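Colleague: How does the following fold in three dimensions:
(one chain, ligands or ions: 1)
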Amino acid sequence: MDGMRRRTLLAAIGGTVAAGGATEATAATATPARATAGTAGGDMARQARPAADRPGPHERQIRELLGRMTVEEKLGQLQQLTWNGETGPGGGQDEAAQRDARAGRLGSVLNLYGAARTNALQRLAVEESRLGIPLLFGLDVIHGFWTTFPIPLAQAASFDPAVAARDAEVASAEARSNGVHWTFAPMMDVTHEPRWGRIAESAGEDPYLAERFAAAKVAGHQGRPDGSDLPDPRHIAACAKHFVAYGGAEGGRDYNTVDVSEARLRNLYLPPFKAAVAAGVATVMASFNTINGVPAHANAHTLTDVLKTAWDFPGFVVSDWAGIREMTVHGHAADAADAARQALTAGVDMEMASTTLRDHGARLLAAGEIAGDRLDDAVTRVLRIKHLLGLFDRPYVDEDAASTAPSRQARAAAREMAGRTLVLLKNERQTLPLRRDTASIAVVGPFGDSTDLQGTWAGPGGTKFPATTVLAGITAAVPAARISHVRGVAADGTDTSGIAAATAAARAAAVTVVVVGEPSAISGEAASRSDLRLPGVQAQLVRAVAETGKPFVVVLIGGRPLVVAEWLRAAPAVVMAWHPGIEGGHAIADVLFGAVNPAGRLPASFPRAVGQLPIHYNHENTGRPYDPDNKYTSKYLDLADGPQFPFGHGLSYTTFEIGAPRLSTDRISADDLRAGRGVDVTVTVRNTGGRPGDEVVQLYLRDPVASVVQPVRRLRGFARVALRPAESRPVRFRLGAADVGFWTNDSAGRFVVEKGDIEVYVGADSTASGKALLRIT
Ligand code: BGC
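Modeller: This is a model prediction of the structure:
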């Protein structure tokens, strides 16, 4: 509710990509922070490094400033208020924000943007408050500010982290010039739950893919890991969210309980955060869920033991929206003061929207219920990021230089990146690509002429700059064709009266493009679904078009894996286009007519039915894995085994052959791995078809005997390789300790590399059969 309301208000205030030619991919070396194998050291100290010990260019100034601050001013730095805008309904915190900025009792403001408006508020803090500490302006810049790129799940489908980096670069420059210093992105919650609407914001079901995308996006927003690019007007501070295990919400229902073993926490949910910290992420956001009975906002184990102590994270932790106050609702805090005490003590540094710390901090401090050192540490962390951003030197933005609309280059980047995210799910008898000389095309379905292609969390540009529709994209791609458009059915509802007109259009055309899917409004936060089929009567439309017997293709719009079983067999070709962003219509047309050869791969399994959820490729084997001839094995009696489409699946207009994996050595000792040595895995990939295209070569591992049972497959490398017809290339992956080892259930954090065989699979999706054996001695 909160989120929806805020976004409506937000709308109201107005307010070098390699062409896929990578030939070498590193697996272990991509995660340097995790290189230590064996024991990764205890996390138990529950004492982050004291602020005074940390070297850094601004630490002396920060200490000096801290020495001059009153308790109220310190607590003020830990407060973020939300800006609801002049035109928003009452209940906003605008007046409080202005008053507190003047009084030097405010650290940050959420949801205010625009050069003149941020400068005006900043002036109150810098010129009227006693110490002149600048405000930090934060906004959810999730996949674009003016220029909306595809949703993050789509970006992950590109299997090309450069796509995320490009989005972040474009968005950062647009946002910073409008006074925004800080985005609440990237979201990196691994999830096995497509019912969960927030899967749209994530990289899907795999921690390694999420790691790579998290690191790329942090780099795109922030620049170099040491923070030295942050004063630059093209960069903004990033926020790794939501810490942690939010994607484990039971039943995929948003905000729901998470109960997770230490091993799963560390192997599945924590790795992307660790990669973000290694990439220098400035801030981390706590998550709404409980973790094993303790709200993430009061979780000293995750916030302090792991994040701040073991990983030595120097930035600050922001709460999620009212997440501190909600601990009273969770049943963990007696009242707001108790919530404030628990959150600060556990390691939250800044409070978003609720005001428990500001309201009760001074009394808690006087009573000895929160520690002065902890308060100073939290303030230091906030001031450190303000310094890194250069706000003490340049608190204002140049009002004449503010970006006001997507530039031509930004649009071109959004179109190119969107083209890299589309997944060709099915293509019988080479139905796609469509011929450019097709005389007549019918575009039918509720998304054929819809601008609802931007997806959840489209930024301020989402409402101001509508997306190019599929109809417009097709019209521009084949201007000579006769194009008809019939909506047929709405995105939701039960009215089937328009289907006859749609089938008439299909009969009259040489080919029909059926554009169906999920509106943005049922994807994202607070948008869990219990039914993943096409909403309304859209499936009926697809079947009716199929019954005409005329050629057609289906373009699927959506923010999550959908259940397509009711109509899949009837459809000769299906493209998953996700919520592709501002240039969506052009990007879809590029793929439909072959200007772009699709090479996206699924970052999350497509289920056959909701009843089999969770279904994910990285599951454990069980003692009774599926056997069609044995009733007493793990299965559903009324459903075929496995997903509709597996993780990593995606077709191309050309064909590829991936050779057997070759290892540089088939034996390596655990000691050698721990010392940083590795094993190279090489395959040859060849374009065996008639068109240029990209193959995504994927490497998976299986550890068949482990002290903590391991998933049947784990992605540990991928490379998107561009190949001309008949061209072949070697692709090399390097495996190290971080790839073959795993975290145990030891709460102090123990990463082990165990002796025994590791199965190495390389191929075109998570069912890859090309295999080699590596023995760890
Ligand atoms: C979401 C966060 C978001 C915050 C600020 C919350 O409801 O969970 O992801 O950053 O709102 O808008």
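Colleague: And the strands in the stretch 51-200 of the chain?
Modeller: Per DSSP state E, counting those that start in this stretch, the stretch 51-200 of the chain carries strands over the ranges 79-82, 108-110, 136-139, 182-183.
Colleague: Among those, which comes closest to the ligand?
Modeller: Nearest to the ligand among those is strand 108-110; the distance by Cβ to the nearest ligand atom comes to 6.1 Å. For every residue, glycine as well, the C-beta is placed using N, CA and C.
Colleague: how distant is that closest one from the center of its chain?
Modeller: Computed by Cα atoms, centre = their mean, to the nearest Å, the separation of strand 108-110 from the middle of its chain amounts to 22 Å.
Colleague: give me the element the residue in the stretch 501-650 of the chain that the ligand sits nearest to is part of.
Modeller: At 5.6 Å from the ligand, E525 is the closest residue in the stretch 501-650 of the chain, using Cβ to the nearest ligand atom. For E525, there is no host helix or strand (DSSP states H and E).
Colleague: give me the number of residues near it?
Modeller: Counted with other Cβ atoms under 10 Å, residues neighbouring E525 total 24.
Colleague: cool, and the one 10 residues further on?
Modeller: In terms of burial, P535 registers 22 neighbours under the definition other Cβ under 10 Å.
Colleague: Quick check: it touching I522?
Modeller: Yes. In this structure P535 lies within contact range of I522 using Cβ atoms under 8 Å: 6.9 Å.
Colleague: how about stretch 259-267: buried residues?
Modeller: Buried residues in stretch 259-267, defined by neighbour count with 16 or more other Cβ atoms under 10 Å: V260, E262, A263, R264, L265, R266, N267.
Colleague: Can you pick out the ones from those residues that are in helices?
Modeller: E262, A263, R264 (DSSP state H).
Colleague: Save these as JSON lines, and put in distance to the ligand and pLDDT too.
Modeller: Listed next are these as JSON lines, based on distance: Cβ to the nearest ligand atom, whole Å; pLDDT from 0 to 100:
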{"residue": "E262", "distance to the ligand": "25", "pLDDT": "98"}
{"residue": "A263", "distance to the ligand": "26", "pLDDT": "98"}
{"residue": "R264", "distance to the ligand": "22", "pLDDT": "98"}
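Colleague: G247: neighbour count?
Modeller: The tally of other residues near G247 (other Cβ under 10 Å) stands at 27.
Colleague: Quick check, it in contact with G197.
Modeller: No. At 11.5 Å, G247 does not count as touching G197 under the criterion of Cβ under 8 Å.
Colleague: how much space between the nearest residue to D746 once chain neighbours are set aside and A490?
Modeller: Distances taken as Cβ to Cβ, 6 or more residues apart in numbering place E262 nearest to D746, at 6.8 Å, with adjacent residues excluded. Applying Cβ to Cβ, to the nearest Å, one obtains 47 Å for the distance of E262 from A490.
Colleague: and what of I199?
Modeller: According to Cβ to Cβ, I199 stands 24 Å off from A490.
Colleague: Compare these two (neighbour count), which wins?
Modeller: The neighbour comparison of I199 against A490 (other Cβ under 10 Å) goes to I199, with 29 against 15.
Colleague: shouldn't the more buried one be in contact with E193?
Modeller: Yes. Shown here, I199 and E193 form a contact pair, counting by Cβ under 8 Å, at 6.6 Å.
Colleague: quick one: common contacting residues for those two?
Modeller: Counting by Cβ atoms under 8 Å, 6 or more residues apart in numbering, the common neighbours of I199 and E193 are G247.
Colleague: returning to what we had before: and the strands of the stretch 51-200 of the chain as TSV, adding mean neighbour count?
Modeller: Converted to TSV, the strands of the stretch 51-200 of the chain look like this (neighbours: other Cβ atoms under 10 Å):
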stretch	mean neighbour count
strand 79-82	27
strand 108-110	26
strand 136-139	28
strand 182-183	27
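Colleague: K464: which of these is closest?
Modeller: K464 lies closest, by Cβ to Cβ, to one member of the strands of the stretch 51-200 of the chain: strand 136-139, at 14.3 Å.
Colleague: which residues are in contact with that closest one?
Modeller: The contact list for strand 136-139 (Cβ under 8 Å, 6+ apart) reads 80, 107-113, 118, 122, 145, 175, 179-184, 237, 239, 318, 382, 385-386, 389, 391, 459.
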